[in-house]
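Engineer: any chance you can model this:
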Amino acid sequence: RRRRRSKTPRARGTARRGAETETGTGPGTGHSSSLSIGRTHGTVHRTNDAFNVEFGFFDMLYKPRTLITLALLLGCVGYVSFSGPPTSDVAEGLTRGIYLAITVFLVYGCLQFRDSEMVRPHPIVWRLVHAAAIVYVCFLVTLLPLDLPTTRGVIQHFHPGLGTSPPGHVFANDCRLLLGKNETLKDIPIVKMVFLDRFFYIHFLGYIVKALIVRDWGILLLLSFGFEVFEISTQFILPNLNECWWDRLLLDFAGCNLLGSIIGMYLVKRMTMYRYDWVGNAIPRLSSQRIKKAQRILRQFTPHSYQPFQWGMLDSPRRFAAVSVMVLFFLISEINFFFLKHHLWIDTENPVYLLFLAIRSLLAAHAIREWYAYNTSRVKTLRLGQNCWLNCALVCFEMLLTLKWNTEATPGLYPPLYIIVCWGGFASTTILWVILRFCIGGSSHRPASTGDRFLWLLRLAFVPLLYIVIDDFWRTGSRFPPNNPPKGIILSDH
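Structural biologist: As a prediction, the model looks like this:
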């Protein structure tokens, strides 16, 4: 009896510590538990270590090494500072100093930033993405007070290919599908786009990645259709967005977008059905099996777990607002990059352009994961994920720059009247549906599967946007050469 009583407090303490660890605040909320229940192979725990440790992999990769990293950083910065000849050129000296400052900040971010939802292949990868995105946001804020010509001169100091006027390309000059006289098959524009344009395949792969990130058919169709409407609505100010009808319909919507979404959603289905056995495939248990050990290392670049997203867009006002905001930010982010590339005279093959595109894409993948957790978690969280917050700030600052430079390039220019009317009709009809569906039609949390007698009104809201698309199809396909896009409305005082 004495032995049983002496073990009871210890057992209670162990159970309490285990419960605290299991119910501790998870990734993405900004808090971390300092308790651990041991090194269980194949699981991820928050501990006092530097990262979210995934036990069962190489434990040495999760050691902090902060002092060693600081010593190496000081050695590298000191070598770069004292090895080269001193320069009297202020611009060159500041450029080198900015590069060193960015390097120090990235190293600090990899060591000291907190982890979030993503843990593969290693938390340091996502910390690096977050730090690089902060640098990009600070760069955007720095450009806000500058005018457009000054901005083009500033970015030339960072890379010689920036700020130089690339050759413009308009896609809607020839929208024929049939051969003309003395022409071969390779002279048809649609054949050139499919077989000779590498961006066709990049676009296709992009929608596979979107499907893996969003994991919802309805949202993918909204993104595909919405971006085409965004392109048509802004082509009056950016001629590069003027495309042929078959480019939008056959290559984009029914081609790259649809096929990429089908393949991506198929991969989502397979990945959700896959049995992730990280416990039985832990590195210590495979030490004598080299082939399986190599396979386990390669699997480190696959998700630790993968579940389908249940957005429930029509289930409640919050779910509807969450999906609407996500789609809107997605579309604004994509159209922003076209305008920034146009205003800053950046070629699509420039490595800086590709680097920032990769940073934005990786940050968006992490941000959507946090946005989903923020809006669908049963545990009420008041903190938005750090990557989601940063991605929202990035898109907003890009939009401010786009609006500012559009105003400088074409002051007082607004979209054509029919574009304004169609978007106004879409917005007003959608707001009316929200009022009827969630305020008058019954409980605001009634699932959409129980029936929605006002769903026809939400479908009707897309009719004005469909008119924008059909009108553009008729403009580019009814005659050769096609008519120019409708001009915007000028409301300038000059």
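Engineer: right, and Leu128 touches Tyr108 too?
Structural biologist: No - proximity of Leu128 to Tyr108 does not meet the contact threshold set by CB atoms under 8 Å, at 10.9 Å. (Each C-beta comes from the backbone N, C-alpha and C, glycine too.)
Engineer: looking at the two, which is more packed in?
Structural biologist: Using other CB atoms under 10 Å, the more surrounded residue of Leu128 and Tyr108 is Leu128, with 18 against 15.
Engineer: can you check the pLDDT for that one?
Structural biologist: For Leu128, the pLDDT comes out at 92.
Engineer: for it, which non-adjacent residue is closest in space?
Structural biologist: Closest residue in space to Leu128, ignoring its immediate chain neighbours: Cys110 at 5.3 Å, by CB to CB, 6 or more residues apart in numbering.
Engineer: identify the residues contacting the residue nearest to the spatial centre of the chain.
Structural biologist: Nearest to the mean C-alpha position of the chain, by CA atoms, centre = their mean, lies Ala364 at 2.4 Å. Contacts for Ala364 (CB atoms under 8 Å, 6 or more residues apart in numbering) come out as Ile213, Phe330, Ser333, Asn391.
Engineer: my guess is Val214 contacts Trp371. True?
Structural biologist: No - Val214 is beyond contact range of Trp371, at 10.5 Å (criterion: CB under 8 Å).
Engineer: tell me which element Phe473 falls in.
Structural biologist: helix 463-477 (DSSP states H and E).
Engineer: I misspoke; the intended subject was Leu362.
Structural biologist: Counting by DSSP H and E, Leu362 is found in helix 351-376.
Engineer: can you list the buried residues in that helix?
Structural biologist: By 16 or more other CB atoms under 10 Å, the buried positions in helix 351-376 come out as 353, 356, 359-360, 362-375.
Engineer: again, but for stretch 130-143
Structural biologist: For stretch 130-143, by 16+ other CB under 10 Å, it's His130, Ala131, Ala132, Ala133, Ile134, Val135, Tyr136, Val137, Phe139, Leu140, Leu143.
Engineer: how about the fifth one, nearest residue that isn't a chain neighbour?
Structural biologist: When the adjacent residues along the chain are set aside, Ile134 lies closest to Leu390, with 6.7 Å between them (CB to CB, 6+ apart).
Engineer: next, give phi and psi for the one you found.
Structural biologist: phi -70, psi -40 (degrees, to the nearest 10).
Engineer: next, the contact list for it, please.
Structural biologist: By CB under 8 Å, 6+ apart, the neighbours of Leu390 are His130, Ala133, Ile134, Val137, Leu363, Ala367.
Engineer: what's the distance between it and Val325?
Structural biologist: 16 Å (CB to CB, to the nearest Å).
Engineer: repeat for Asp115
Structural biologist: Using CB to CB, we find Asp115 at a distance of 25 Å from Val325.
Engineer: who's more crowded, those two?
Structural biologist: Asp115 (21 against 13).
Engineer: name the helix or strand for the more buried one, please.
Structural biologist: Asp115 belongs to no helix or strand, assigned by DSSP H and E.
Engineer: so it sits against Ile124, correct?
Structural biologist: No - if you go by CB under 8 Å, Asp115 and Ile124 don't touch, sitting 9.3 Å apart.
Engineer: save the buried residues of stretch 130-143 as TSV, and put in distance to Pro416 and secondary structure too.
Structural biologist: Formatted as TSV, those follow (distance: CB to CB, whole Å; DSSP: H, G, I helix; E, B strand; the rest coil):
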residue	distance to Pro416	secondary structure
His130	40	helix
Ala131	42	helix
Ala132	39	helix
Ala133	35	helix
Ile134	38	helix
Val135	38	helix
Tyr136	33	helix
Val137	33	helix
Phe139	34	helix
Leu140	29	helix
Leu143	29	helix
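Engineer: can you tell me which of those is nearest Leu74?
Structural biologist: Ala131 (18.6 Å; CB to CB).
Engineer: any idea how far the closest residue to that closest one other than its chain neighbours is from Ile297?
Structural biologist: Computed as CB to CB, 6+ apart, the closest residue to Ala131 that is not its neighbour in sequence is Gly109, at 2.8 Å. Per CB to CB, Gly109 is found 25 Å from Ile297.
Engineer: one more: Asn173?
Structural biologist: Counting by CB to CB, the gap from Asn173 to Ile297 is 51 Å.
Engineer: same thing with Leu70?
Structural biologist: With CB to CB as the criterion, Leu70 and Ile297 are 29 Å apart.
Engineer: also Val129?
Structural biologist: 21 Å.
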